[in-house]
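Student: sequence below, structure please.
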Amino acid sequence: NNKQTAMWCVAQILASLLLVCGVAAAAPSFDVVGDSFVKDGKPFRILAGEIEYWRMTEQDWDARLAAVAGLGLNTITTHVPWSLSEKDAGVFDFSGSRNVSAFLELAWRKYGLHAICRVGPYISAQTDFGGLPYWLSLKRGAELRSMNSIYLSFVDDYFNVLLPLLAPLQYNQHGGPIVLLQVEDEPTNTAVSLEETHSYLAYLVQALRQRGLTALATTQCSPSDTLCARAFIPTALLSAKLPLGSSPAAAFNVIRKYYTQGPLLALDLHTGAFDLEGHNPHNTTAASIVAAQLSAALSIANASVSLTSAFGGTNFGFLNGALAPSTVTMTINNNKNNVSRDEHMNVERTLFSEAYAAVTTSYDCDEPVSEAGQLRQPKYSQLREILSRVNPAFNHSSPLPTPPPLAAYGPIPITHWLTLDKASVYFPNTTADAPLGMEQLGQGSGYVWYQTNAHGFHGSGALLRVSGSVQDRALVYLNGNLQCTLVEQSQCNFSSAIDPLDIGGAISFLVENKGRVSRDVTNFQYARKGIYGNVSIGGEGLQSWTMTKLPLTSSLPVLPFESIITPTPQTPAFYRATFSISSTPEHTFLLTPGWGRGVVLVNGVNIGRFSSAGPQCSLYVPASVLRTGSNEIILFESDAPNKSNPARRVVSTTQQQWLTAKGVCGV
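Tutor: Below is the predicted model:
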C-alpha cells in the first residue's frame, strides 16, 4: 500500500544519507541461528503464501498481491518455470508475464512481501512437464534430474541467464525481497541412486553460489523416510510438504531424523486440491480443515509455513500438467484429527488417477483468493485471523482488500465457422514418409493433424495399428468419417470399407497433447506427444504423410470463415463470434453450453480448454484480454457432442461454474 511504499522510500533515503555522512549502515541480513530464522539480528517467522506470477496476467499482479498481503502474510512463494522462459533451446524470454524480477520487486516495493523463490530446474507445480522445456525429451542421452552431463549442460545454460536476474533481489546485502531459494522439487526420481541424488542437489546449491546467490537454500520432502533421506544435504535446509489433513508435528518429526538442527518450515501447507479433467465434482476443502492444520503448524515453536496456495490462478493456453497412471487415496477427515465432517468434504480423496489424467485449465483449488481475485469466505477471514495473531507487523484491524469487479456480457451467438480440413491449408505443414512426433515437428503443445492415403482395397473391419505410441488422444477418420478415438492405445477397427474405386482412402489423425505429466518426468513415455512409430492398416504400412501444426497458442492465421449452418456437422472446426463492450472491460467467465471438447481464444489469447467431461464449466477471461469496442472469440472444437447443437453460442457470466454431482453446471 502507499504507506509501505513511502516507508521503503524513506529507508532508502536514510541509508543514502548515512553513507554520505560517512556512517556505514548495517547490511541487511537474513540467516539462521539455531532453530530460528533471523532477520537483521532479530528472530523472524516466515508466514508465506504461494502465488504464481505466470498463472495470471501481468496486469493482475497488483490486485492479487494486495489480496494475498491482506491475509496477514509477510512472504510470498513462487515457482520459476524453465519451460516458459526458454521455449526453444537457447532462446530466453523473461518479458511480460514471464518477468519474475518485476513481479518480486512489485511485491516487495508496494506490499513489503519477502519472497521464497523456487528456481527448480524441475518444479512440478502441476504444470506441463514439471516446468521443464519439452525439447529436453528429444536430447539424446539426456537423463533428467540427475548428474547426467548432457542434462546439466542445459541446466547451466539456463541458470547462467536466470540467476543473475535474481541476485540483486536478495535480502542479504542488497535489501531485496528474496530470503530463501528452493532447488528442485522433492527428489522422487528413484531411478537415480541415493548418492547421485545427493550429488545432484548439492550441484544445484553450488550453482546458486557460483552465480552470486548467497541467500539460504532449501530442499523439500513429503513426510516419508525414503524421500527425506534423499532430500537432505548438509549445504541446504530441509522443508516439509504437508498434505491436506496431515499432522504438522508428525511431518516435522520425520524431517528431524535427518535435519537435526535448523528452522522448521512447512513449505507446502495445502489449502485445497487441484482438479483433473473428468473427475467430478470439483474439489473443495472446508475452511475448518485448513484452519486447524495451520493452527497446528504455528503452535510448534518457531515453525514457519507457506500456504499452497494463497492464490491458484489459471493454466492459460496449455500450461496444465497431468498425472501418470497410479492411484493414491488420502484420508482427509478422520477421528484422529478431531475434524468435524463438513458438507464440502469427502472422507477420502483420490489425488492421483488410475489412468493418465490432465489437470484442468482452472487452477482454482479452493484457495482463499479465487481465480478471479475474489475473497473466498469464510476461508479467507479464518486464515487471516490465525496469521494476524503471529504476525506482529500486520494490522489486523485493516479493512479487507477490495476484490475486482466482474461483468456478464450475456449470451454471444456463433455466427461463422470453418471446418478443419478447409482451415488446415492456412497453418504450417510438413511432409515425410513416416509420421513425426509433435516435438520432432518443433511444436510443444496443441494439436497435430496427420493426413495420408491408404492405397488398395481394405474391407470393413480392417485393423489400423500404430507400432509405437499415440499421445494423448487421437480422433481417427476415414474419408472424413470418424472411425474411432484412440486414448492410451494404438489400434482400432475400421467400421467403414475403403472403396476399391477410390484412388485411396483418405486417413487422418487429429492428435491432441492434453499436457505432459508433471511428476514422472523422467519417463519420456508421457513426454512425447503425437504419433511416434509407423502406422499400418490391414498390415499395409502407410506412407507419404502431411502433418499440419496447430499450436493454437496465440493469434491464429487469418481464416476465411463461412456463415454458420444449422445444425453443424460433427467434424473438427473453428467457430467465430464477436461481441461489443461499451465501457471499461471487467473480468468475466465464459461458459460453453452444449459444446464437446476444444480450446477458446479471446482476442487472440488462448484462455484454455473446455470439455463436457467436466468438472470445469467456465473459463476465466481477465479484463486485460478484453477491450472497449469489438471483441472476437474463436473456438476450436475437436469433438462435437453426440447430438447436434442447433443454438451455437457461448455465455459470458460473473459466476465461476463447475459440473455438480448431478452432472449439471452450477456455482
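Student: okay, CA-based contacts and neighbour counts for the rest of this
Tutor: Noted.
Student: in the helix or strand encompassing residue 421, which residues are buried?
Tutor: Take DSSP states H and E as the rule and residue 421 turns out to sit in helix 420-423. Buried positions in helix 420-423, judged by neighbour count with 16 or more other C-alpha atoms under 10 Å: 420, 423.
Student: same check on stretch 26-35?
Tutor: Using 16+ other C-alpha under 10 Å as the test for burial, stretch 26-35 gives 29, 30, 31, 32.
Student: kindly report the same for stretch 584-591.
Tutor: Residues of stretch 584-591 classed as buried by neighbour count (16+ other C-alpha under 10 Å): 585, 586, 587, 588, 589, 590, 591.
Student: and the buried residues of stretch 26-35 as TSV, adding distance to residue 392 and pLDDT?
Tutor: As requested, the buried residues of stretch 26-35 are exported to TSV (distance: C-alpha to C-alpha, whole Å; pLDDT from 0 to 100):
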residue	distance to residue 392	pLDDT
29	20	96
30	18	98
31	20	97
32	20	98
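Student: who does the helix or strand that the helix holding residue 421 is followed by touch, helix- and strand-wise?
Tutor: Downstream of helix 420-423, the first helix or strand assigned by DSSP H and E is strand 429-432. Contacting strand 429-432 under the criterion 3 or more C-alpha pairs under 8 Å, 6 or more residues apart in numbering; DSSP states H and E are the following elements: strand 545-550.
Student: identify the bridge partners of the residue positioned nearest the centre of the chain.
Tutor: With distances taken as C-alpha atoms, centre = their mean, residue 127 lies nearest the centre of the chain, 3.6 Å away. Using DSSP bridges, the beta-bridge partners of residue 127 come out as residue 320.
Student: that one contacts residue 317, correct?
Tutor: No: taking contacts as C-alpha atoms under 8 Å, residue 127 lies outside contact range of residue 317: 11.5 Å.
Student: mind listing the strands for the stretch 551-667 of the chain?
Tutor: For the stretch 551-667 of the chain, the strands defined by DSSP state E, counting those that start in this stretch cover 562-563, 573-581, 588-591, 597-602, 605-611, 618-621, 629-639, 649-653, 658-659, 665-666.
Student: reformat the ones you listed as a markdown table; add mean pLDDT and distance to residue 531.
Tutor: Listed next are the strands of the stretch 551-667 of the chain as a markdown table, based on pLDDT from 0 to 100; distance: least, C-alpha to C-alpha, whole Å:
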| stretch | mean pLDDT | distance to residue 531 |
| --- | --- | --- |
| strand 562-563 | 96 | 31 |
| strand 573-581 | 97 | 21 |
| strand 588-591 | 98 | 32 |
| strand 597-602 | 97 | 20 |
| strand 605-611 | 97 | 21 |
| strand 618-621 | 98 | 29 |
| strand 629-639 | 97 | 17 |
| strand 649-653 | 96 | 33 |
| strand 658-659 | 92 | 32 |
| strand 665-666 | 82 | 34 |
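Student: of all the ones you listed, which one is nearest residue 153?
Tutor: Among the strands of the stretch 551-667 of the chain, the nearest to residue 153 by C-alpha to C-alpha is strand 605-611 (32.7 Å).
Student: between the closest one and strand 629-639, how many degrees?
Tutor: Calculated by axes from the mean of the first three to the mean of the last three C-alpha atoms, to 10 degrees, strand 605-611 forms an angle of 40 degrees with strand 629-639.
Student: show me what strand 605-611 packs onto, helices and strands only.
Tutor: Looks like strand 605-611 contacts strand 597-602, strand 618-621 (3+ C-alpha pairs under 8 Å, 6+ apart).
Student: need the winner for burial among the ones you listed.
Tutor: Of all these, strand 618-621 carries the top mean neighbour count, a mean of 26, counting by mean count of other C-alpha atoms under 10 Å.
Student: quick check: residue 198 touching residue 229?
Tutor: No: using C-alpha under 8 Å, residue 198 is not in contact with residue 229, being 9.3 Å away.
Student: list just the nearest of the buried residues of stretch 26-35 to residue 47.
Tutor: Using C-alpha to C-alpha, the buried residues of stretch 26-35 come closest to residue 47 at residue 30, 14.8 Å.
Student: which residues does the closest one contact?
Tutor: Going by C-alpha atoms under 8 Å, 6 or more residues apart in numbering, residue 30 touches 37, 38, 39, 40, 171, 172, 179, 215, 216.
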